[in-house]
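> Here is my input; please provide its structure:
(chains A and B, ligands or ions: 2)
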Amino acid sequence: MAGIEIAKVVKAYGSVPVIHGIDLSVRDGEFVVLVGPSGCGKSTLLRMIAGLESVTGGTIRIGDRVVNDLPPRDRDIAMVFQDYALYPHRTVAENVGFGLRMRGADAMTIEKKVKEAAEILQITHLLDRKPGQLSGGQRQRVAMGRAIVRDPKVFLFDEPLSNLDAQLRAEMRVEIKKLHQRFGTTIIYVTHDQVEAMTLADRIAILKAGHVEQFATPDEVYRRPRSTFVARFIGSPSMNIVPARIAPDATTITLDGDAAVPAPASFARARGRDVLLGLRAEHLGLAGPDGVPARTVIVEPLGSDTLALMQIGRVEMTGRFPPAAPLRAGGDVTLRLDLEQAHLFDPETGLAIV
Amino acid sequence: MKLLRNRRAMIILAGLIVAANGFFPALWILFTSFKTEVELMRVPITIIPQAPTIENYIRVFVDQPILRFLFNSVVVAVLSTLLCVTCSALAAYALVRLRLPGAGIILSVLLAIAMFPLISMMVPLFQVMRDLGLLNTWWALIFPHAVLSMPVCTLVLISFFQDIPRDLENAAMIDGCTRLGALWHVVIPLTAPGVFTAGILAFVNSWDEFLLALTLSPRVASRTLPVGITLYQGEFSFPWPIISAALIVAIVPICIVIAIFQERVVSGLTSGGVKG
Ligand SMILES: Nc1ncnc2c1ncn2[C@@H]1O[C@H](COP(=O)(O)OP(=O)(O)OP(=O)(O)O)[C@@H](O)[C@H]1O
Ligand SMILES: [Mg+2]
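Residues are numbered from 1 along each chain as shown, chains lettered A, B, ... in the order given. Ligands and ions are numbered 1, 2, ... in the order given. This next block holds a predicted model:
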């Protein structure tokens, strides 16, 4: 067990920089998820922690050791890969036990530990098969078995669930969370699925083009996104972000040149400014005649609730409504915008105005 | 329909031509080795030996120390194959995996070397071997044979190594292997068909090689089969049946080697994929 200190880490491929100085401090036993769009450098960062990529600058510490120049085998880590990376020519039991064998454990110990791991992951009946004879979900369990059997200081996961169908993914998500609760091992988990990030993480690091945009608890990144990037990335549907202008006396806010809506007192922090107004779907609601007039563009019933894209003046916003809400595409409604819950962002920098 | 049948017939015909081209000389040699010289010269020509005799085979073993040559050939071929495959595997792995600067250039140079005419290297090779004191030893052939086969073996292995997903090795290295350990425990087993293919190429190349064998290692003690076989011809005579018998003795071991590994090689040449 160990924490991980990442300090000013830089990575360049040749002259192309891809990681521009990342600082992350992961506590012992913490479950940290790295999320971000494709190509933002999540895998690269994870591979540097694993020792599979060289570190161009900065230091990575696992526990109290600087590991920059340690080969992967000496870092006491385990990694689960997106494509499982099981050895196709070995049985499941050999796959799981390979790490122990390479570290010189004796046959009895290997067998015992492989059996234990197999029981935890419910793959005991598969031990004699080859990976080619397993389903995707089973392979993923084997890959996890290979990771836990060595009892490493840190688990690294690189999009372990992205090859599975939605249902299996939800199942394995629970499985991974259970494993973490059981072993309490530090985990760094890469995904581009914000649902995985929100459900699994103790803390989420949102990466954007090679730097950390925000590093905080799921609750914090959801409620207090540091920038429009984070706001758009976290939460489904995405936060509505529309241009707006706050009146000089901060009593009203005008959405993109049109309807002026009374502004809450807190908007005084951006009086007289052009801003980006961020409002989550759940903060739109149907209102009485005094609400903001809007037209329903698209209705998406989800069962538990209904999403609807609303046209308000010249802007569009998605709202989350109760399943029984009287909505139909093309219909006129009036909306209540819960601006107390709204976020204000600087249109130039995209950063939250607080 | 007719076109289709014609096409099929053409394919079969083409196959027969290739097979005949390959097998006819071998069969001819086999039959000749059982004929007497008299029968061989007789007109009309007989194909199947009329009065088969093993006299020629006895002469093969009596007239020359062919077992010695056979032993020399086996040693040279086996050792040069091992050396060649080991070096080729390391080179191929480095070229595929290590993101070497100039890997492309190295590859094209390899290809160019593979096309070099051997004769152009004879004199320098002779001088090198002489200076090293290796003339008329196995090593005078083992090293050059290994080097001669290296380009083609490297190219074969590169194409096999390329199919191995990088993460398999990464997983092995995290599991406790060094890079060479990952090559040995993961890459080589998964590319076994490629390794055997390269091995057979190297083995056959060495087994057949004549020019270097004649120049660098002509003395009896280290003489290999291709050179040894030429000794059956006399100053004025050319005893075809005996030479044919000697050739059969030279061909049989290589047939055995290929038969043993054929299954792996064929599966290697036709499958290749290792999607886990
Ligand atoms: N070997 C390499 N050589 C050059 N550039 C690379 C190399 N590997 C990755 N990159 C670049 O580094 C950047 C980050 O890649 P990385 O694989 O870390 O992205 P990612 O966040 O994991 O994306 P994804 O979600 O698609 O997996 C990308 O722009 C990629 O093109
Ligand atoms: Mg990635």
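> alpha carbons only for contacts and neighbour counts from here, please
Noted.
> Find the helix or strand that A:Lys11 is a member of.
When secondary structure is defined using DSSP states H and E, the element that contains A:Lys11 is strand A:4-13.
> Tell me if that strand is near chain B.
No. With Cα under 8 Å from any Cα of the partner chain as the measure, strand A:4-13 is seen stopping short of chain B, the closest distance being 10.9 Å.
> pLDDT weak spots in the chain?
Looking at chain A here, since you left the chain open. For chain A, the stretches flagged by pLDDT under 70 are A:1, A:257.
> sorry, should have said chain B
For chain B, the stretches flagged by pLDDT under 70 are B:1-4, B:264-276.
> Where does the residue sitting nearest the centre point of it sit: helix, strand or coil?
Averaging the C-alpha coordinates of chain B gives a centre point, and the residue nearest to it by Cα atoms, centre = their mean is B:Val204 (1.1 Å). With DSSP: H, G, I helix; E, B strand; the rest coil as the basis, the three-state label of B:Val204 is helix.
> Excluding sequence neighbours, find me the nearest residue to A:Asp258.
A:Gly313 (5.8 Å; Cα to Cα, 6 or more residues apart in numbering or on different chains).
> give me every residue that touches that neighbour.
Going by Cα atoms under 8 Å, 6 or more residues apart in numbering or on different chains, A:Gly313 touches A:Leu255, A:Asp256, A:Asp258, A:Ala259, A:Ala294.
> Correct me if wrong: B:Ala91 contacts B:Leu155.
No. In this structure B:Ala91 lies outside contact range of B:Leu155 using Cα atoms under 8 Å: 9.5 Å.
> wait, what's in contact with the residue nearest to the centre of chain B?
Neighbouring residues of B:Val204 by Cα under 8 Å, 6+ apart: B:Ala77, B:Ile254.
> what's the longest helix in chain A?
When chain A is scanned for its longest helix (criterion: DSSP state H), the result is helix A:166-183.
> List the neighbours of it that are in contact with it.
Counting by Cα under 8 Å, 6+ apart, residues outside helix A:166-183 touching it are A:Phe31, A:Gly137, A:Leu161, A:Ser162, A:Ile187, A:Glu196, A:Leu200.
> Just the buried positions in it, please.
Buried residues in helix A:166-183, defined by neighbour count with 16 or more other Cα atoms under 10 Å in any protein chain shown: A:Arg169, A:Met172, A:Arg173, A:Leu179, A:His180.
> can you tell me which of the residues you listed lies nearest to A:Thr251?
Within the set of those, A:Arg173 lies nearest A:Thr251; the separation is 45.9 Å, counting by Cα to Cα.
> In terms of secondary structure, what does the helix or strand hosting B:Leu168 contact?
Take DSSP H and E as the rule and B:Leu168 turns out to sit in helix B:166-174. Counting contacts by 3 or more Cα pairs under 8 Å, 6 or more residues apart in numbering or on different chains; DSSP states H and E, helix B:166-174 is packed against strand A:77-80, helix B:179-182.
> that older thread, which one of the contacts of helix A:166-183 sits closest to B:Leu27?
Closest to B:Leu27, out of all of the contacts of helix A:166-183 and judged by Cα to Cα, is A:Gly137, at 56.1 Å.
> So the closest one, which state does it fall into?
Three-state assignment for A:Gly137 (three-state DSSP): helix.
> Walk me through the domains of the chain.
Unless you meant another one, I'm taking chain A. Listed by automatic domain parsing, the domain ranges of chain A are A:4-233, A:240-345.
> hm, I was asking about chain B
According to automatic domain parsing, the ranges for chain B are B:1-53, B:63-273.
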